[in-house]
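Undergrad: what's the 3D shape of this:
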Amino acid sequence: MPDSMPAATSDARSPLHGFPTICTPRGPVPDGAPRWNPQRSSSMPSHRYRSAFDRVEIPLTGRSWPQARIERPPLWVPVDLRDGNQALAEPMDTARKRRMFDLLVAMGFKEIEIGYPSASGTDFDFVRHLATSGAVPDDVTVVVFTPARPDLIERTFGAVAGMDRVVVHLYIATAPVWREVVLGRDRAGVHGVVLEAARQMDRLARARPGADTRFQFSPEVFILTEPDYILEVCDSLTELWDASPDRPVVHNLPATVEIATPNVYADQIEYMHRHLARRDAVILSVHPHNDRGTGVACAELAVLAGAQRVEGCLFGNGERTGNVDLVNLALNLHAQGVDPMIDFSDIDEIRRTVEHCNRLPVPPRHPYGGDLVYTAFSGTHQDAISKGFAHRASGDAKLWEVPYLPIDPADVGRTYEAVIRVNSQSGKGGIAHLLRTGHGVDLPAGMRADFSRTVQRATDASGLEATGEDLWDLFEAACLAPGRDGAVALTSWSAQTGPAGEHRFVCTLRVDGREADHEGTGTGTVTAFADALAAAGVEVAVLGLTEQEPTGPGGVTTAYARCRVGGEESWGAGRDVSGVAASVAAVLSAVNRARG
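TA: Numbers count the residues shown, from 1 in each chain. Predicted coordinates:
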């Protein structure tokens, strides 16, 4: 084993929580490390790698992209049917490809890369299927991918025979390691291969009279290629293909393997944007991958730097860690007030289709499309979201400004039912929100804290999430049932108002199994009931009473009572078509909850 690779140990145990010690002991604390965070050197061989700044020199000064803003969407080109498909363990068959193609068309994509027809019979057959089935709308341009090899270019043009609008996409690796190790050619040798391929493409395109055939070139691994060399190759193709503003060439500059921070890619794109010849005849395109997890940032900064077109996949499928995610990119624009010009209004149907075609799941935390991305479990988040919704309901809010929700879930076809979900981390605001929106029960502020403790005990005990129905069942058992079935119960009662306005409450009470008749008087029915309870030996003071507006088909009123029972404060709730009966039940609930 090389000296630079520390030997792994399998049986040693770490002093931290019993985790296995994977590598040799950590190094010393570096000089200047803060005492409150004394991070040590790891045992990984980081010295074997170089910074991107040491690999490619970018002769750019006075960059403008940091001050730019994205005010319009780029031209979108999904590559799910080619780059995404070739990354699948089980590549799509024609039926799945057709379903993906139809989805992309329905979403509004006007340029779609449909395959690599010289790579396999399946890809070739799918291109021919589209060519002969009439499935390609008149306003959609298809893109086909080919390496710089004469026989494969010939087969690619054969695949698109009969198609009226086509971009033929030529690629070759240009980075030094690829040139030297993979292709065995120097700069001039690779350039010569590209020029010969471009001439062949031009001849074949001229043999398609009446068809709109345009060209695209990708210097694979652009991000690791010398900028002057890329400029030389791209400009030569712009000239050879005689690009013009009405028949532009696409120069697509991929971060084939993401190896640098996004600002480096932005600098490279801005350099090309400034120096490409016939700039008005060139569509500057980018194709970021996600090896460092910053593919979306690379694409956004590239657009700031002058890129006009972005290639990627829905939900980021692709080689290794994937292509840049077009869902994420486009909805980032939407969240900034820029129309992406692609329709994501049914994100769940889009996701279901992509999952079916790729046979890969979309993670629940995937931006904008995952199951949980609009969901809050945390109590503080839930409270803020609930208040945000209430503010919008008041009619004062013109723009979407709801805490913790960057876009309105309804924009992408999500309902509000799953925005707030309750588990042991949740708080009173979220619980109250679900009861209010799901069952029309609007708990007073003080009762929210009281009931949330009941929910907390239940979720702590189960370790599970509490659904809206679970919350209702808990509310029913903890707050409503004590007013009907508790140790202190009303067998019968009537309320009367005397000539002087005094209220009289006549009832039969069962207290701890013993039943007797009682009556009480007061300034209202509820205070008269409290007086009757006192006559039965149950001391209660009604500190507050709230009646909610009747809801539901039967006009049911919900009442909430805050009482002092035997020196202890207690909340109760009652529901009835009669507001008076609901209030009486709420007081009885508070009594039983305090005694129980």
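Undergrad: Contact partners for the spatially most central residue of the chain?
TA: Residue closest to the average C-alpha location in the chain (Cα atoms, centre = their mean): residue 367, at 1.9 Å. Residue 367 makes contact with 325, 327, 328, 331, 373, according to Cβ atoms under 8 Å, 6 or more residues apart in numbering. In short, each C-beta sits where N, CA and C put it, glycine included.
Undergrad: Residue 450 too?
TA: Shown in contact with residue 450 (Cβ under 8 Å, 6+ apart): residue 571.
Undergrad: let's go with 10 Å and repeat that
TA: 428, 443-444, 478-479, 560, 562, 569-572, 590, 593 (Cβ atoms under 10 Å, 6 or more residues apart in numbering).
Undergrad: returning to what we had before: would you say the residue nearest to the centre of the chain is within a strand?
TA: No - the assignment for residue 367 is coil, going by DSSP: H, G, I helix; E, B strand; the rest coil, so no strand is present there.
Undergrad: May I have the beta-bridge partners of the nearest residue to residue 479 once chain neighbours are set aside?
TA: Nearest non-adjacent residue to residue 479, counting by Cβ to Cβ, 6 or more residues apart in numbering: residue 573, 4.2 Å away. Using DSSP bridges, the bridge partners assigned to residue 573 are residue 560.
Undergrad: Surely residue 573 touches residue 586?
TA: Yes - counting by Cβ atoms under 10 Å, residue 573 does reach residue 586; the two are 5.3 Å apart.
Undergrad: Check the contact lists of those two and give me the overlap.
TA: Joint contacts of residue 573 and residue 586 (Cβ under 10 Å, 6+ apart) are 447, 479, 480, 482, 483, 546, 558, 559, 560, 561.
Undergrad: Show me what the strand or helix carrying residue 195 packs onto, helices and strands only.
TA: For residue 195, the enclosing helix or strand under DSSP states H and E is helix 187-206. Packing contacts for helix 187-206, counted by 3 or more Cβ pairs under 10 Å, 6 or more residues apart in numbering; DSSP states H and E, involve strand 141-147, helix 150-159, strand 165-173, strand 212-220, helix 227-240.
Undergrad: related to what we said a few turns ago, buried subset of the shared contacts of residue 573 and residue 586?
TA: 447, 479, 480, 482, 483, 546, 558, 559, 560, 561 (16 or more other Cβ atoms under 10 Å).
Undergrad: Of the contacts of residue 367, which is the nearest to residue 94?
TA: residue 327 (24.5 Å; Cβ to Cβ).
Undergrad: For the closest one, what is the enclosing helix or strand?
TA: Using DSSP H and E, residue 327 maps to helix 326-335.
Undergrad: C-terminal to that helix, which secondary structure element comes first?
TA: helix 347-358.
Undergrad: now that next one and helix 326-335, what's the angle there?
TA: 160 degrees (axes from the mean of the first three to the mean of the last three Cα atoms, to 10 degrees).
Undergrad: Under the pLDDT cut-off, which ranges of the stretch 351-500 of the chain? List them.
TA: Flagging of the stretch 351-500 of the chain using pLDDT under 70 yields the residue ranges 378-379, 416-428.
Undergrad: Do a quick rundown of the helices in it.
TA: Shown for the stretch 351-500 of the chain, the helices assigned by DSSP state H, counting those that start in this stretch span residues 379-393, 428-439, 445-462, 468-475, 482-485.
Undergrad: Of the ones you listed, flag the one that's most buried.
TA: helix 428-439 (a mean of 22; mean count of other Cβ atoms under 10 Å).
Undergrad: out of the helices and strands packed on helix 187-206, nearest to residue 385?
TA: The nearest among the helices and strands packed on helix 187-206, by Cβ to Cβ, is strand 141-147 at 42.1 Å.
Undergrad: what are the pairing partners of the closest one, and which direction each?
TA: strand 111-115 (parallel), strand 165-173 (parallel).
Undergrad: next SSE after the longest one?
TA: The reference is to strand 165-173. Past strand 165-173, the next helix or strand by DSSP H and E is helix 176-177.
Undergrad: and if you look at the shortest one?
TA: As assigned by DSSP H and E, the chain's next helix or strand after strand 111-115 is helix 121-133.
Undergrad: how about that next one: buried residues?
TA: Neighbour counts using 16+ other Cβ under 10 Å place 122, 123, 124, 126, 127, 128, 129, 130, 131 of helix 121-133 among the buried residues.
Undergrad: Kindly report the same for stretch 396-406.
TA: Those would be 402, 405, for stretch 396-406 by 16+ other Cβ under 10 Å.
Undergrad: before we move on, the earlier item: off-centre distance for the helix holding residue 327?
TA: 10 Å (Cα atoms, centre = their mean, to the nearest Å).
Undergrad: pLDDT (mean, whole number) over that helix?
TA: Over the span of helix 326-335, the pLDDT mean works out to 96.
Undergrad: on that earlier part again, report the mean per-residue pLDDT for the helix holding residue 195.
TA: The average pLDDT within helix 187-206 is 97.
Undergrad: And for residue 487, the neighbour number?
TA: Applying other Cβ atoms under 10 Å, we find 14 residues neighbouring residue 487.
Undergrad: show me the contacts for the residue nearest to residue 341 when sequence neighbours are not counted.
TA: Among residues not flanking residue 341 along the chain, residue 73 sits closest, at 5.2 Å (Cβ to Cβ, 6+ apart). Applying Cβ under 10 Å, 6+ apart to residue 73 gives the contacts 303, 310, 329, 330, 333, 334, 338, 339, 340, 341, 342.
Undergrad: Distance to residue 517 and neighbour count for the residues you listed - can I get that in a markdown table?
TA: Shown next, in a markdown table, are the contacts of residue 73 (distance: Cβ to Cβ, whole Å; neighbours: other Cβ atoms under 10 Å):
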| residue | distance to residue 517 | neighbour count |
| --- | --- | --- |
| 303 | 81 | 24 |
| 310 | 81 | 24 |
| 329 | 75 | 25 |
| 330 | 72 | 25 |
| 333 | 73 | 20 |
| 334 | 68 | 18 |
| 338 | 74 | 15 |
| 339 | 73 | 10 |
| 340 | 73 | 21 |
| 341 | 76 | 15 |
| 342 | 74 | 21 |
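Undergrad: So which of the strands paired with strand 141-147 is nearest residue 530?
TA: Of all the strands paired with strand 141-147, strand 111-115 sits nearest to residue 530, with 73.5 Å by Cβ to Cβ.
Undergrad: buried set for that closest one?
TA: Neighbour counts over strand 111-115 (16+ other Cβ under 10 Å) mark 111, 112, 113, 114, 115 as buried.
Undergrad: okay, now the nearest residue to the second one once chain neighbours are set aside: neighbour count?
TA: Across the structure, with Cβ to Cβ, 6+ apart as the measure, the residue nearest residue 112 apart from its sequence neighbours is residue 104 (5.2 Å). Neighbouring residues of residue 104 were enumerated by other Cβ under 10 Å; the total is 26.
Undergrad: Following the chain past whatever helix or strand residue 533 lives in, name the next helix or strand.
TA: Using DSSP H and E, residue 533 sits within helix 525-535. Next helix or strand after helix 525-535 toward the C-terminus (DSSP H and E): strand 540-547.
Undergrad: That following strand to helix 445-462, inter-axis angle?
TA: For strand 540-547 against helix 445-462, the angle between stretch directions is 100 degrees (the same axes, to 10 degrees).
Undergrad: Who does strand 540-547 pair with, and is each partner parallel or antiparallel?
TA: strand 557-565 (antiparallel).
Undergrad: per-residue confidence averaged over the partner strand?
TA: Taken as a whole, strand 557-565 carries a mean pLDDT of 95.
Undergrad: Check stretch 269-277 too.
TA: Mean per-residue pLDDT for stretch 269-277: 96.
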